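K.L.:
make a model of this:
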Amino acid sequence: MKALRFGLTFVRHGETQFNQDGRLQGQAIDCALSDVGLQQAEAAGRYLKDVTFTNVFVSDMLRARQTAEIIMKHNSSCSRLQLACEPLLKEKSFGTAEGQLLQEVREMAKTAGQSFLDFTPPQGETQEQLKQRVQEFWLKMLHQMGREHWPNSHDVSLPPVAAPQGERDADDVPVPVHALVVGHGAYMCVTMRYLVDDLRCSVPQDCTRARMFSLCPNAGMSRFVLTLNQEDEAFKVSDIHCLFVNKGDHVKT
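P.N.:
Residues are numbered from 1 along each chain as shown. Below is the predicted model:
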């Protein structure tokens, strides 16, 4: 039976001045990376320099594009790749709360009896609306990965991927293709929930749900290995493992 195994690395954009000031950006505020954010993106690029990427997807917002471009600059496998800017990867819209201090919005959520990530400010995007965007991107990405990289041989026998024993770099996991996705914090939190709760992604044994669904640090990353099968004209995930989540050691000084 044919199958495609591929790696998937999510990276959050580097720090902006709004991140440093503790203010929400969302969609309306399209900040560039700060000096610290540029250094963080460089650190992520150095960490990923030896990963052979076959596809790069990035939010069309400036802070994510800058981060992706810096990562690609460090990686020789990216020299022949085209950066795919994807509006579906935009950060969550926080409506009228964009530009406000995070602490102020957390207080608003607490008053409403909700967690920060579940709270929808006026004119903002609900969690269900954001999850719908996550699902749309996921299906679009799977279709592109399957269409571009589906094995030509009649049968492909894939050895099982061992369940991860805690966090590890996992660069040694043999995968024929690897996608890099550069996006945003709140968006990535909803993505992690979708992968674990809807797609039944396995997680490292020492990783709690709270950590799995926590906010990724700026220029932090998470990595997965997926097995893709084809059903009629659709490509579907038959297995997915998380190798590490919200790794940020590479940006620490």
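K.L.:
which residues of the protein fall in helices?
P.N.:
Ranges of helices in the chain, per DSSP state H, are 17-21, 35-47, 62-74, 102-111, 127-149, 185-193, 209-212.
K.L.:
which one of these lies nearest to Ile29?
P.N.:
helix 17-21 (6.4 Å; C-beta to C-beta). Placement of C-beta: from N, CA and C, glycine included.
K.L.:
and the closest one, what other elements does it pack with?
P.N.:
Based on contacts counted as 3 or more C-beta pairs under 8 Å, 6 or more residues apart in numbering; DSSP states H and E, there is no element that helix 17-21 packs against.
K.L.:
give me that answer again for 10 Å
P.N.:
When contacts are defined as 3 or more C-beta pairs under 10 Å, 6 or more residues apart in numbering; DSSP states H and E, helix 17-21 packs onto helix 35-47, helix 102-111.
K.L.:
would you mind putting those into TSV with mean pLDDT and distance to Met72 alongside?
P.N.:
TSV is the format used below for the helices and strands packed on helix 17-21 (pLDDT from 0 to 100; distance: least, C-beta to C-beta, whole Å):
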stretch	mean pLDDT	distance to Met72
helix 35-47	97	8
helix 102-111	92	30
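K.L.:
out of these, deepest packed?
P.N.:
helix 35-47 (a mean of 21; mean count of other C-beta atoms under 10 Å).
K.L.:
now it, how far from the chain's geometric center?
P.N.:
17 Å (C-alpha atoms, centre = their mean, to the nearest Å).
K.L.:
likewise stretch 11-22?
P.N.:
16 Å.
K.L.:
buried set for that stretch?
P.N.:
11-16, 18-19 (16 or more other C-beta atoms under 10 Å).
K.L.:
and the two most separated of these?
P.N.:
Among the buried residues of stretch 11-22, Val11 and Phe18 lie farthest apart (C-beta to C-beta), at 18.5 Å.
K.L.:
how about the worst-scoring helix or strand of the chain on mean pLDDT: buried residues?
P.N.:
Ranked by mean pLDDT, DSSP states H and E, the helix or strand of the chain with the weakest confidence is helix 209-212, at a mean of 89. Going by neighbour count (16+ other C-beta under 10 Å), the buried part of helix 209-212 is Met212.
K.L.:
got it, and stretch 130-145?
P.N.:
For stretch 130-145, by 16+ other C-beta under 10 Å, it's 130-131, 133-134, 137-138, 141-142, 145.
K.L.:
got the CA positions of it in PDB?
P.N.:
Extracted in PDB, the C-alpha atoms of stretch 130-145 (Å, rounded to 0.1, in the frame of the first residue of the first chain):
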ATOM      1  CA  LEU A 130      -9.900  30.100  13.900                       C
ATOM      2  CA  LYS A 131     -10.100  26.400  14.100                       C
ATOM      3  CA  GLN A 132     -11.900  26.400  10.700                       C
ATOM      4  CA  ARG A 133      -8.900  28.300   9.200                       C
ATOM      5  CA  VAL A 134      -6.500  25.800  10.800                       C
ATOM      6  CA  GLN A 135      -8.500  22.900   9.200                       C
ATOM      7  CA  GLU A 136      -8.600  24.700   5.800                       C
ATOM      8  CA  PHE A 137      -4.800  25.200   5.800                       C
ATOM      9  CA  TRP A 138      -4.200  21.600   7.000                       C
ATOM     10  CA  LEU A 139      -6.300  20.100   4.100                       C
ATOM     11  CA  LYS A 140      -4.700  22.400   1.600                       C
ATOM     12  CA  MET A 141      -1.200  21.600   2.800                       C
ATOM     13  CA  LEU A 142      -1.800  17.800   2.800                       C
ATOM     14  CA  HIS A 143      -3.200  18.000  -0.700                       C
ATOM     15  CA  GLN A 144      -0.100  19.900  -1.900                       C
ATOM     16  CA  MET A 145       2.300  17.600  -0.100                       C
END
